[in-house]
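Colleague: Provide a 3D model corresponding to the input given below.
(chains A, B, C and D)
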Number of protein chains: 4
Amino acid sequence: MTSSFSTVGLIGRRGTATIRDSLEIVLKLLLEKGVKVVVEADTARIMGNGRRKDRDRYERAARLELGERADLIVVVGGDGSLLGVGRDLAHCGVPVVGVNRGGLGFLADIAPEQIEAALGDVLAGRFREEDHFLLHARVMRDGAEVAQSPALNDVVVHQGGMARMMEISLWIDDEFVYDQRSDGLIIASPTGSTAYALSAGGPIMHPSLDAIVVVPMFPHTLTSRPLVVRGRSEIRVSVGGSDQNARISCDSQVDFRLESDDDVVISKYETPLRLIYPLEHSFFESCRSKLDWASRLGGGSE
Amino acid sequence: MTSSFSTVGLIGRRGTATIRDSLEIVLKLLLEKGVKVVVEADTARIMGNGRRKDRDRYERAARLELGERADLIVVVGGDGSLLGVGRDLAHCGVPVVGVNRGGLGFLADIAPEQIEAALGDVLAGRFREEDHFLLHARVMRDGAEVAQSPALNDVVVHQGGMARMMEISLWIDDEFVYDQRSDGLIIASPTGSTAYALSAGGPIMHPSLDAIVVVPMFPHTLTSRPLVVRGRSEIRVSVGGSDQNARISCDSQVDFRLESDDDVVISKYETPLRLIYPLEHSFFESCRSKLDWASRLGGGSE
Amino acid sequence: MTSSFSTVGLIGRRGTATIRDSLEIVLKLLLEKGVKVVVEADTARIMGNGRRKDRDRYERAARLELGERADLIVVVGGDGSLLGVGRDLAHCGVPVVGVNRGGLGFLADIAPEQIEAALGDVLAGRFREEDHFLLHARVMRDGAEVAQSPALNDVVVHQGGMARMMEISLWIDDEFVYDQRSDGLIIASPTGSTAYALSAGGPIMHPSLDAIVVVPMFPHTLTSRPLVVRGRSEIRVSVGGSDQNARISCDSQVDFRLESDDDVVISKYETPLRLIYPLEHSFFESCRSKLDWASRLGGGSE
Amino acid sequence: MTSSFSTVGLIGRRGTATIRDSLEIVLKLLLEKGVKVVVEADTARIMGNGRRKDRDRYERAARLELGERADLIVVVGGDGSLLGVGRDLAHCGVPVVGVNRGGLGFLADIAPEQIEAALGDVLAGRFREEDHFLLHARVMRDGAEVAQSPALNDVVVHQGGMARMMEISLWIDDEFVYDQRSDGLIIASPTGSTAYALSAGGPIMHPSLDAIVVVPMFPHTLTSRPLVVRGRSEIRVSVGGSDQNARISCDSQVDFRLESDDDVVISKYETPLRLIYPLEHSFFESCRSKLDWASRLGGGSE
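Modeller: Numbers count the residues shown, from 1 in each chain, chains lettered A, B, ... in the order given. Just a heads-up that it's a prediction; the model follows:
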């Protein structure tokens, strides 16, 4: 047996034909290692012009079925693709490994040119597993849940329309925090702390930290600052009754419209995403690369 | 028995005669409740003009002895006084309650006019205890520890002299994070996250969070951001060899000069400070009050 | 003659009945001083239940006619009301004075309880005039201007829909500045520098400064910073072709939808708003009051 | 005549032998163009091992004499070297051009490999001149000036010792702005806005802007923000009487100790630095390069 995994699922970034080469390299490697391959149905269409004999050698399945049948899922497409897979499949408990489209990623850390070596290592059992917890956003209306979604990066409560300013009230573990006028609130996991929340002034949180950050968006009150609370805290946000265009979005990919007096309750999702990295993966190296920590100011400091 | 505590220590802010009234009120209350009172020797001098019969009724002791003999310590003087008491006495495991000099405090949350009621409640067993962990800074030179101190708020590695810029290298749990040119680094506990680190752009961390924040001071690299890591992480900072005036300070109250090739190692101190609060104490209310979260921008938003 | 002004226009905040008392006090004072009063038609409806004899003593006019007939306009309602009056009437060159609804304003600096004294001074010629320049936003499509508006505070180019991120290109005086992925750009005058731009991290600019600030909103590139250019600079913004929901808003009160390949050109509006203040008005005092510059951090700094 | 300039001064970065190659290339070019060359005495020592016949062909002079004799000065060494030359020689009115040590500079914008082409163009009259104003810091004690210095980038009032926090009062044009507890204040010119002030959260100011920015350093009051005022404003800073270690530094290169009740008065220096750039120089291109405006966040934004 040449692989630690017997059935491997394969998912490509939605709607992107340019990843076909990487998909083919992954498929070839998987088949060589003798594992059973199941390709997500949408991804199989992208791969449609592959060699016929390969197409005979893998099965097709819907994404959710994939999560239940595979004991490893390979995602080709970058961090954004992993967000969707994380939301959709974290509950299955299947480990996931990401191949990016060039450049380091925080989540998808295998570069196209490293597929054979790095993915080969993973299949051979040489890898690190890192659990990334998701947030769970639930919209409560008149005591009932009317919408819900997990989010791997962040839940954003914001104003969709022209008048951006909104009135927000915040509670942490049923303790009142503040009423605030702002453009909205970002509630981010450690995974999301290097994405949108970072642009909004939030801190970088190490992936191993069990914490959630709440970042106000352009608050009217200049003393409002990012707030870091425990991972098991329950965050409740309500929006002033006259805000007709308030929305929440999860990972900027899933979106709900809020009605007056809705409460948004955010807490840790029950199952984490099990992310597989090459052994040499380093969060801080990703930071140094993606955030360009090596570059320095000029202007007279020499 | 009218008190949950049998021996209570009393410490006043160093060098401040203006807290004498509060000290007297606390003393009177303690004596009425029938507890044995031990006053820190320095504080006893401040109280020198108290009534003679009271002076006969309390003992004097050095601060460290106080920490070992008392089963509760009352500190009069504000958050700054609690920092020193925390560093000096946390290792004794004695609970500490703070009386401020007016206005809410994050640590000393009993106002002068509430002494009888609030401190009475504490003595009667009606209180909340909240553990605040300290940081432990150790200066390593040629493999040996040459200086060390706990810090309740923060450890600051900075440049003492005219040329403020320094070269710093940072490791978290022996993993390299970055080389940085900056004015220094602030390493803060959740307790310290609302003090100096907040001025430097750090997030607010809930006191219950088991985390440490590293905040760069005016980094040359604009993408450097506050970094939040687990409370059990070991943070190691080394300073470029040519920085002749590098120093570390703990809570801005204790200070060491660094030599070339010194390493500063910061980790969680072995014993937390056991802080006693009135039952109604709320961290977020302290934030709203101290950070003025109710005030809002003008300038056209009417 | 008891007034430096012969015809005074009166405008109240739209849709707010609560300012009626202030309007009546202003009207009474104006009539006592013997000036001709012209009330904006919409405002006259708010004042509908005033005393009949007063109603006979003032004329009504549409806002634009008011700007041409009056040699002073009194606006009751706060900074937000002055934004609309500024955009609508700055081109008439008529001086404007604002009565706020309590609390200092940056623009409307006469409190309700000071109307008689402060407005009396103004009418008697004891006042300061301060010119506040407006921005002029023009939307160019295929070489032709398809929309335009002045803005007293700011012009915001942003994404109206769910996916907040947009691609923006910026030119200053036809020199390319950057391509940026962000939530948008705020282009603010000194007047607007204490409003939305300040929440987004922009600097405070003194009202007398001849400068415009460009503030990126949550830029993907962490090194993007507010950029201050000369008041006579022409700022050109174009939005990536696939952004279907890009909009610009002026003072968060006027709003246009952008189409692909539109350019937004922002430059100084040809005529400034002539703002009248009491002699004792101080911009920095407004800052101290509105931004609460007296309040200070706690948390161990004592 | 092959040069627009007849006498050219040459200054190298102090104490740096590594720029010798660039110095020799510059010297050779100048001599070829037939201009009289005067080398700063300190720089001549660095060049000591040059060819003997060259050494016979240039004169030596002290820096100040250079400023008076030359009609162009070439500085080799980067932005930091230009700061010193600017402070020392701006008052002479001599134009200055900078050769950097690799990489774009904001001030020294000719790369070593471009010396022949770019400096040749300058000598041939093909260049842009850009005036950069300096600040002038004066320390007033008992009504008399006890110290003064120009500064091209910034004047920093700060606390030299362990206790970093200081009490500062600020006036702009004799109008009181605020009392502030902080680590100090940075007062920067547009030239300095991309240096230390930028690390401290100040805005980027275009070099052509006639403005000064005041940036608080870690202010205790979270609502304190960078403040941009007119270039002709007079900024006055006084430091609380108990601050025994307060200092001011100019460009982080010149330093004075303040005594109690000293006032620091900062205004525009009487003569600007006349900077010479290649025609293709672009401030925004320097920003894009030095601030790395092309790099973008990862973490799920794909």
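
Colleague: the helix or strand harbouring A:Gly84 near chain C at all?
Modeller: Element membership of A:Gly84, judged by DSSP states H and E, is helix A:79-89. No - for helix A:79-89, no contact with chain C is found by CB under 8 Å from any CB of the partner chain; the gap never falls below 11.2 Å. For every residue, glycine as well, the C-beta is placed using N, CA and C.

Colleague: okay, buried residues for that helix please.
Modeller: Using 16 or more other CB atoms under 10 Å in any protein chain shown as the test for burial, helix A:79-89 gives A:Asp79, A:Gly80, A:Ser81, A:Leu82, A:Leu83, A:Gly84, A:Val85, A:Gly86, A:Arg87, A:Leu89.

Colleague: ok, so of the residues you listed, who is nearest chain D?
Modeller: When the buried residues of helix A:79-89 are compared for distance to chain D (CB to the nearest CB), A:Gly80 wins out at 3.1 Å.

Colleague: which residues of chain A fall in helices?
Modeller: Counting by DSSP state H, chain A has helices at residues A:20-32, A:41-46, A:52-57, A:63-69, A:79-89, A:120-123, A:196-199, A:283-290.

Colleague: contact partners for the nearest residue to A:His91 once chain neighbours are set aside?
Modeller: Excluding the flanking residues, the one nearest A:His91 by CB to CB, 6 or more residues apart in numbering or on different chains is A:Thr271, at 5.1 Å. Residues in contact with A:Thr271 (CB atoms under 8 Å, 6 or more residues apart in numbering or on different chains) are A:Ala90, A:His91, A:Gly93, A:Leu134.

Colleague: surely the first one touches A:Leu275?
Modeller: When you say that, I think you mean A:Ala90. No - look at A:Ala90 against A:Leu275 with CB atoms under 8 Å: they stay out of range, at 9.9 Å.

Colleague: sorry, back to before: could you dump the helices of chain A to a markdown table with distance to B:Gly160?
Modeller: As requested, the helices of chain A are exported to a markdown table (distance: least, CB to CB, whole Å):
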| stretch | distance to B:Gly160 |
| --- | --- |
| helix A:20-32 | 53 |
| helix A:41-46 | 59 |
| helix A:52-57 | 67 |
| helix A:63-69 | 57 |
| helix A:79-89 | 42 |
| helix A:120-123 | 48 |
| helix A:196-199 | 32 |
| helix A:283-290 | 28 |
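
Colleague: among these, which gets the worst mean confidence?
Modeller: Sorting those by mean pLDDT places helix A:52-57 lowest, at a mean of 67.

Colleague: re the thing from before, if we check chain D, which of the buried residues of helix A:79-89 are in contact?
Modeller: Counting by CB under 8 Å from any CB, the members of the buried residues of helix A:79-89 near chain D are A:Asp79, A:Gly80, A:Ser81, A:Leu82, A:Leu83.

Colleague: let me know the closest of these to C:Asp173.
Modeller: A:Gly80 (36.2 Å; CB to CB).

Colleague: for the buried residues of helix A:79-89, which one is nearest chain C?
Modeller: Of the buried residues of helix A:79-89, the one sitting nearest to chain C (CB to the nearest CB) turns out to be A:Gly80, at 11.2 Å.

Colleague: could you report the distance from the closest one to C:Val96?
Modeller: Distance of A:Gly80 to C:Val96, given as CB to CB, to the nearest Å: 50 Å.

Colleague: pull up the residues of the stretch 201-302 of chain A that are close to chain C.
Modeller: Close to chain C, as judged by CB under 8 Å from any CB, the stretch 201-302 of chain A has residues A:201, A:217-220, A:222-223, A:247, A:249, A:252, A:255, A:291-292.

Colleague: as a markdown table, those residues with distance to D:Tyr178 and neighbour count would be great.
Modeller: Shown next, in a markdown table, are these (distance: CB to CB, whole Å; neighbours: other CB atoms under 10 Å in any protein chain shown):
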| residue | distance to D:Tyr178 | neighbour count |
| --- | --- | --- |
| A:Gly201 | 23 | 21 |
| A:Met217 | 27 | 29 |
| A:Phe218 | 23 | 25 |
| A:Pro219 | 21 | 23 |
| A:His220 | 20 | 21 |
| A:Leu222 | 14 | 21 |
| A:Thr223 | 15 | 21 |
| A:Arg247 | 39 | 19 |
| A:Ser249 | 39 | 23 |
| A:Ser252 | 39 | 20 |
| A:Asp255 | 43 | 18 |
| A:Leu291 | 34 | 26 |
| A:Asp292 | 35 | 20 |
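
Colleague: let's see which of those residues end up in strands.
Modeller: Among these, the members found in strands (DSSP state E) are A:Met217, A:Arg247, A:Ser249, A:Asp255.

Colleague: from those residues, which is closest to D:Gly143?
Modeller: When these are ranked by distance to D:Gly143 (CB to CB), A:Met217 comes first, at 50.3 Å.

Colleague: surely the closest one meets A:Gly202?
Modeller: No - in this structure, A:Met217 is not within contact of A:Gly202 by CB under 8 Å, at 10.4 Å.

Colleague: where in chain A is pLDDT low?
Modeller: A:1-2, A:15-17, A:49-55, A:103, A:161-164, A:241-243, A:294-302 (pLDDT under 70).

Colleague: so for C:Phe106, which of the helices of chain A sits nearest?
Modeller: Nearest of these to C:Phe106, taken as CB to CB: helix A:196-199 at 28.1 Å.

Colleague: for A:Ile25, which non-adjacent residue is closest in space?
Modeller: A:Ile115 (4.9 Å).

Colleague: if I read this right, the one you found contacts A:Leu23, doesn't it?
Modeller: No - A:Ile115 is not in contact with A:Leu23 according to CB under 8 Å; the separation is 9.9 Å.

Colleague: who's more crowded, the two?
Modeller: A:Leu23 (25 against 21; other CB atoms under 10 Å in any protein chain shown).

Colleague: separation between the more buried one and C:Leu209?
Modeller: Taken as CB to CB, the span from A:Leu23 to C:Leu209 is 56 Å.
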